[in-house]
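Engineer: 3D model of this:
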Amino acid sequence: MGFSTTALQIAFMLRDERLGRRKLAERSGLGEMVVRLEVERLRDQGLIQLDRAGCRLTPKGIRRFGPLLNPVRRVIPVDLIELRMDGVHLAAHLIAHRAGFLDGPSAWTLRDAAIREGATGLISLSWSGTDWTFAHNAEPVRTLNPKDAERLAETFPEPGPEDSLLVAAASDPVSCSSGLWAVIRALYEKAG
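Structural biologist: Residues are numbered from 1 along each chain as shown. Okay, the predicted model is just below:
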């Protein structure tokens, strides 16, 4: 596919609503010039339409980004206590079987992809049907990290069978988001 992490963030934000470039920059934490350049690239590829009302995905953009973005339920900040790796944590709730997560790269390979993009760490979790568990060993988060297990249960109250969580950490929101979207991209490339 070859999409940058910035393109993926923008497409995700435009998946359900039309937004202006300034709002895209504000929500993503990226600079307005970075957003402007990426929006222009996406517009030149016919993936985004830009007018006075803002930016939106074109039908071509929906087709190109859909396979990657459809498995992503939410991307939101999460406040961890016991599993805290850095100052900022951002979680992506994925529909695992559609994202290819369970058959995809190892948790360590995903962590490395996040770190290459500026994150300081990544936690990969899977829903067991009763608890969030670590993807690398299937140990319930509740076993050693009960406070974070409760926070995850509150933040993601209705996980589906085989859903996954990716939690990236970094010292700043931009690096955190870039690391998280690099992992989502890696999952898609492996599954697709």
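Engineer: domain assignment for this structure?
Structural biologist: Domain assignment for the chain by automatic domain parsing gives 5-69, 72-191.
Engineer: out of those, name the one with the poorest average pLDDT.
Structural biologist: Ranked by mean pLDDT, the domains of the chain bottom out at domain 72-191, with a mean of 89.
Engineer: how far away from the center of its chain is that one?
Structural biologist: Domain 72-191 has its C-alpha centroid displaced from the chain centroid by 9 Å (CA atoms, centre = their mean, to the nearest Å).
Engineer: i'd like the first residue to be 11 from this point on
Structural biologist: Sure, I'll start numbering at 11, so the last one becomes domain 82-201.
Engineer: same list (the domains of the chain) but as TSV, adding mean neighbour count.
Structural biologist: Backbone N, C-alpha and C define where each C-beta goes, glycine included. Shown next, in TSV, are these (neighbours: other CB atoms under 10 Å):
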stretch	mean neighbour count
domain 15-79	17
domain 82-201	19
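Engineer: where is the longest helix in this structure?
Structural biologist: helix 183-201 (DSSP state H).
Engineer: the protein: helices as residue ranges?
Structural biologist: For the chain, the helices defined by DSSP H occupy 15-24, 31-38, 42-54, 69-79, 106-109, 117-126, 151-154, 156-165, 183-201.
Engineer: ok, which of the ones you listed comes nearest residue 86?
Structural biologist: helix 156-165 (7.2 Å; CB to CB).
Engineer: contacting residues around the closest one?
Structural biologist: Helix 156-165 has contacts (CB atoms under 8 Å, 6 or more residues apart in numbering) with 86, 88-93, 101, 135, 141-142, 150-152, 175.
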